[in-house]
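**Q** Turn this into a model:
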Amino acid sequence: MYGNCYTFNNKENETHSTSMGGSEYGLQVILYINEEEYNPFLVSSTGAKVIVHRQDEYPFIEDVGTEIETAMATSIGMHLTESFKLGEPYSQCTEDGSDVPIDNIYNAAYSLQICLHSCFQTKMVERCGCAQYSQPLPPAANYCNYQQHPNWMYCYYELHQAFVQEKLGCQSVCREACSFKEWTLTTSLAQWPSVVSEKWLLRVLTWDQGQQIKKKLNKTDLAKLLIFYKDLNQRSIMESPANSVEMLLSNFGGQLGLWMSCSIVCIIEIIEVFFIDSLSIIARQQWQRAKKWWSQRQAPACPEAPPSLRGQDNPVLDIDDDLPTFTSALRLPPAPGAQVPGTPPPRYNTLRLERAFSNQLTDTQVPAES
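**A** Just a heads-up that it's a prediction; the model follows:
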């Protein structure tokens, strides 16, 4: 789909660096589009596509590339952001992709895009019998061609539709990396070249590239690109657990202590009351029973007690459901052989009557008659 591809500052050559930020200390490139060599059946737009990536990262320019317009000056400011995610049990990320059941066919560090494209290429080889030409070749596989695989394009189209609809299972198997770096880009556009500088600039560029270009350039054949660091600071985003097990227990104990006046000491005391004291009481009862049983077993046998004297039966003392009345008490038979005590009659002199006023005072007594 794309024509010439160039990589600036790759790891195979000498690395270029800068110690200053700003547009004056970045990379400035003038691109010759050469629109005449475009294939109208593959693309319908003109321009270029740029991607900023690390040296150990594979450039998926179709997915995250930035479009460059002709006859325009495109300025791209970069800012590096590094992210660190927590693994199990907080997320399903992977450290280096070694625990993902997909072989990395790219000579680059693991990423989610690499895993997805590797999974698609593997499915392509399994179902279509050949590999898609725009991706690296898996081991023991060949690229598709119409001589050996005349229907590979139709197979590729059906497989790509299933991949987009997430029916191949690649999206469920591939996982994000726990740590990754990405460039945050800020893009701005300006008209280039200007009206006053268009004539001499195009003349200079035509003369400079006169050996390679056989025609007179116009501004729609060119595009200017400026890439620079916005600043030399690096932004880091790190995840941390909001609540660990220790923090959860601490917060739970603090809430209990605040709202229920409960603490670890209270919980220990409750356990002691309900468990330790209960076991102590049960053990003490069992010990008393065992001690009593042992003392009864060791004590000598007691002699038979002499027969007790039995008195006469008193029908008055018989238990009756109804309480005795005066009439029923008179009808009770006397006890056999019992002597009823008698009351002797009073003496005669005790029956002497006295007047109520016989003991009057002397000064109030009436003199006796002579």
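**Q** only C-alpha atoms for contact and neighbour calcs from this point on.
**A** Will do.
**Q** so where do the strands sit in the chain?
**A** 27-32, 48-50, 66-68, 72-84, 179-191, 222-238 (DSSP state E).
**Q** want to throw these into TSV with mean neighbour count and mean pLDDT?
**A** Rendered in TSV, the data for the strands of the chain read as follows (neighbours: other Cα atoms under 10 Å; pLDDT from 0 to 100):
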stretch	mean neighbour count	mean pLDDT
strand 27-32	14	90
strand 48-50	18	91
strand 66-68	16	90
strand 72-84	19	92
strand 179-191	14	91
strand 222-238	17	90
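**Q** Quick check: which of those strands is nearest to residue 104?
**A** Among the strands of the chain, strand 179-191 comes nearest to residue 104, with 16.8 Å by Cα to Cα.
**Q** Kindly export the closest one (C-alpha atoms) in CSV.
**A** Backbone C-alpha positions of strand 179-191 (Å, rounded to 0.1, in the frame of the first residue of the first chain) are rendered in CSV as follows:
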residue,chain,number,x,y,z
SER,A,179,4.8,-1.3,31.2
PHE,A,180,5.0,0.6,27.9
LYS,A,181,6.1,3.9,26.5
GLU,A,182,4.1,6.0,24.1
TRP,A,183,4.6,9.4,22.4
THR,A,184,2.0,12.0,22.8
LEU,A,185,2.0,14.1,19.6
THR,A,186,0.7,17.6,19.1
THR,A,187,0.3,18.5,15.4
SER,A,188,0.0,21.9,13.8
LEU,A,189,-0.2,22.9,10.1
ALA,A,190,0.8,26.0,8.2
GLN,A,191,0.7,26.9,4.5
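**Q** Which elements pack onto it?
**A** strand 72-84 (3 or more Cα pairs under 8 Å, 6 or more residues apart in numbering; DSSP states H and E).
**Q** CA atoms only for the strand it packs on, dumped as CSV, please.
**A** In CSV, the C-alpha atoms belonging to strand 72-84 read as follows (Å, rounded to 0.1, in the frame of the first residue of the first chain):
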residue,chain,number,x,y,z
MET,A,72,1.8,22.3,3.9
ALA,A,73,4.3,22.5,6.8
THR,A,74,3.4,20.0,9.5
SER,A,75,4.9,20.5,13.0
ILE,A,76,4.8,17.6,15.4
GLY,A,77,5.7,18.2,19.1
MET,A,78,6.5,15.1,21.0
HIS,A,79,6.2,14.3,24.7
LEU,A,80,7.1,10.9,26.2
THR,A,81,4.7,9.2,28.6
GLU,A,82,5.6,6.0,30.4
SER,A,83,2.9,3.9,32.0
PHE,A,84,3.2,1.1,34.6
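**Q** Run me through the strand neighbours of it, direction for each.
**A** Applying DSSP bridges, strand 72-84 is found paired with strand 179-191 (antiparallel), strand 222-238 (parallel).
**Q** Quick one: these as CSV, columns for distance to residue 20 too.
**A** Shown next, in CSV, are the strands paired with strand 72-84 (distance: least, Cα to Cα, whole Å):
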stretch, distance to residue 20
strand 179-191, 17
strand 222-238, 7
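**Q** where does the stretch 101-250 of the chain have low pLDDT?
**A** 208-215 (pLDDT under 70).
**Q** returning to that earlier point: could you dump the strands of the chain into JSON lines with distance to residue 5 added?
**A** Formatted as JSON lines, the strands of the chain follow (distance: least, Cα to Cα, whole Å):
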{"stretch": "strand 27-32", "distance to residue 5": "12"}
{"stretch": "strand 48-50", "distance to residue 5": "10"}
{"stretch": "strand 66-68", "distance to residue 5": "14"}
{"stretch": "strand 72-84", "distance to residue 5": "18"}
{"stretch": "strand 179-191", "distance to residue 5": "20"}
{"stretch": "strand 222-238", "distance to residue 5": "15"}
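**Q** out of the ones you listed, nearest to residue 7?
**A** Going by Cα to Cα, the one of those nearest residue 7 is strand 48-50, 9.8 Å.
**Q** How far does that closest one sit from its chain's centre?
**A** In terms of Cα atoms, centre = their mean, to the nearest Å, the gap separating the centre of strand 48-50 from the centre of its chain is 42 Å.
**Q** and residue 154, which of the strands of the chain is closest to it?
**A** strand 48-50 (28.0 Å).
**Q** List the contacts of the closest one.
**A** Strand 48-50 is contacted by residues 33, 61, 65-69 when judged by Cα atoms under 8 Å, 6 or more residues apart in numbering.
**Q** ok, that strand: who's next to it in the sheet?
**A** With DSSP bridges as the test, strand 48-50 pairs up with strand 66-68 (antiparallel).
**Q** sorry, back to before: of the strands paired with strand 72-84, which is nearest residue 94?
**A** strand 179-191 (8.6 Å).
**Q** Outside of the closest one itself, list whatever touches it.
**A** Under Cα under 8 Å, 6+ apart, the answer for strand 179-191 is 52-53, 71-85, 95.
**Q** Nearest to residue 123, out of the strands of the chain?
**A** Using Cα to Cα, the strands of the chain put strand 179-191 closest to residue 123, at 26.5 Å.
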